[in-house]
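**Student:** Starting from these lines, generate the structure:
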Amino acid sequence: MSNNRYDIDSTQIKDIGAKLLYITTSSYGKDWNSLLHMHHFSELFYVVRGKGEFIVEEKRFPVKEDDLVIINSQTLHTEVSVYDQPLEYVALGIEGLSFVFQPEEEEIKNYSVFNYRGKKNEFWFYFKTLTKEIQDKPKGYETVCQNVLEILLLNLMRDSNCAFALIPTNRISKECTALKQYIDTHFKENITLDQLADVIHMNKFYLTHTFRKTYGMAPIAYMIGKRIEESKYLLENTDFSLSQISDIVGFSSPSYFSQIFKRTEQESPKEYRDRMRQTTKA
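**Tutor:** Take a look at the predicted model:
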């Protein structure tokens, strides 16, 4: 007799934060209305058969059978079919999850396309199961659909060699807040974008994108703004030299400090100090 037991490390089980909103099966017809639109949730499109194009953020790319198109939330998109090979696909609406794609030349992408023709039987099984469950609606189908979605997402990420990562959208908001607080405390230190990304364990390109979306500027720009505000206080209220102030607030050199200050305030640090002191005397 042989008996092998394999224990599961429950500490490694994580909630990926995805909620399945709907499952749609679509096939091209003469009444197909192709209009650019966006959603507050992400979408997955699996092309069952046919050919066509996706239009995403003013870019067009062809799609064919067994292509999987992933579109993040708040991304303009639509699909167009080829008339002689009508497009058919299954679409999943997914709330609470964003996809972080490997950047190309540091470009932050809100969409990507993968082809699973070589593993069609494996991945089509998930979409087929989801479609059957939602159409037949047997008891507990909602839970089955949710669980199948999570298995599908994890297997897609495995198969793509981590060409994308899954990040719950509530984590994005939470981590951006944590990063802002970190910068508020450490802005005088010599910090790089790579170090900031390591602090909150997030892809640096997606971090820049989400931080800018949340606060209106990139993390490094926010850090420089904090340094400028601190330098203005020191220029007004101390007799420290420009070299000393540059070092205190974290700039690499006095010349760089002066360059950034003038670009931001439209006057040099010395001009700012002189003007503020004249104002105080008056």
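
**Student:** Which strand residues bridge Ile167?
**Tutor:** Ser98 (DSSP bridges).

**Student:** neighbours of it, just the number please.
**Tutor:** 19 (other Cβ atoms under 10 Å). All C-beta atoms are positioned from the backbone trio N, CA, C, and that covers glycine.

**Student:** Can you point out the buried residues in the worst-scoring helix or strand of the chain on mean pLDDT?
**Tutor:** Lowest by mean pLDDT, DSSP states H and E among the helices and strands of the chain is strand 164-168, with a mean of 76. Going by neighbour count (16 or more other Cβ atoms under 10 Å), the buried part of strand 164-168 is Phe164, Leu166, Ile167, Pro168.

**Student:** now it, how far from the chain's geometric center?
**Tutor:** 8 Å (Cα atoms, centre = their mean, to the nearest Å).

**Student:** And stretch 174-182, by the same measure?
**Tutor:** Remark: stretch 174-182 is offset 15 Å from the chain centroid, using Cα atoms, centre = their mean.

**Student:** mean confidence score for it?
**Tutor:** The average pLDDT within stretch 174-182 is 83.

**Student:** Identify each buried residue in it, please.
**Tutor:** Buried positions in stretch 174-182, judged by neighbour count with 16+ other Cβ under 10 Å: Glu175, Cys176, Leu179, Lys180, Tyr182.

**Student:** What of stretch 196-216?
**Tutor:** Neighbour-count burial for stretch 196-216 [16+ other Cβ under 10 Å]: 196-197, 199-200, 202-212.

**Student:** what's the average pLDDT for it?
**Tutor:** 80.

**Student:** Just the CA atoms from that stretch would do, formatted as CSV, please.
**Tutor:** Extracted C-alpha coordinates of stretch 196-216, given in CSV (Å, rounded to 0.1, in the frame of the first residue of the first chain):
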residue,chain,number,x,y,z
LEU,A,196,9.2,53.3,-3.9
ALA,A,197,7.8,50.3,-5.9
ASP,A,198,9.6,47.9,-3.5
VAL,A,199,8.1,49.7,-0.5
ILE,A,200,4.6,48.7,-1.5
HIS,A,201,5.4,45.7,-3.7
MET,A,202,3.8,47.0,-6.9
ASN,A,203,4.9,47.2,-10.5
LYS,A,204,6.6,50.6,-10.8
PHE,A,205,5.0,51.5,-14.2
TYR,A,206,1.5,50.7,-13.0
LEU,A,207,2.3,52.4,-9.7
THR,A,208,3.1,55.7,-11.6
HIS,A,209,0.0,55.4,-13.6
THR,A,210,-2.3,54.8,-10.6
PHE,A,211,-0.6,57.4,-8.4
ARG,A,212,-1.0,60.0,-11.1
LYS,A,213,-4.6,59.1,-11.6
THR,A,214,-5.3,59.4,-7.9
TYR,A,215,-3.2,62.5,-7.0
GLY,A,216,-2.7,64.2,-10.4
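
**Student:** What lies in contact with that stretch?
**Tutor:** 98, 100, 103, 106, 108, 165, 167, 172-173, 175-176, 178-180, 182-183, 193-194, 217-219, 222 (Cβ atoms under 8 Å, 6 or more residues apart in numbering).

**Student:** okay if I get the buried residues of stretch 174-182 as JSON lines plus secondary structure and distance to Tyr46?
**Tutor:** Output for these, formatted as JSON lines (DSSP: H, G, I helix; E, B strand; the rest coil; distance: Cβ to Cβ, whole Å):
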{"residue": "Glu175", "secondary structure": "helix", "distance to Tyr46": "30"}
{"residue": "Cys176", "secondary structure": "helix", "distance to Tyr46": "31"}
{"residue": "Leu179", "secondary structure": "helix", "distance to Tyr46": "35"}
{"residue": "Lys180", "secondary structure": "helix", "distance to Tyr46": "38"}
{"residue": "Tyr182", "secondary structure": "helix", "distance to Tyr46": "40"}
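
**Student:** Looking at those, which is nearest Gln278?
**Tutor:** Top of the list for closeness to Gln278, among the buried residues of stretch 174-182 and by Cβ to Cβ, is Lys180 at 34.9 Å.

**Student:** Wait, Met38 touches Glu57, no?
**Tutor:** No. Counting by Cβ atoms under 8 Å, Met38 does not reach Glu57; the two are 9.8 Å apart.
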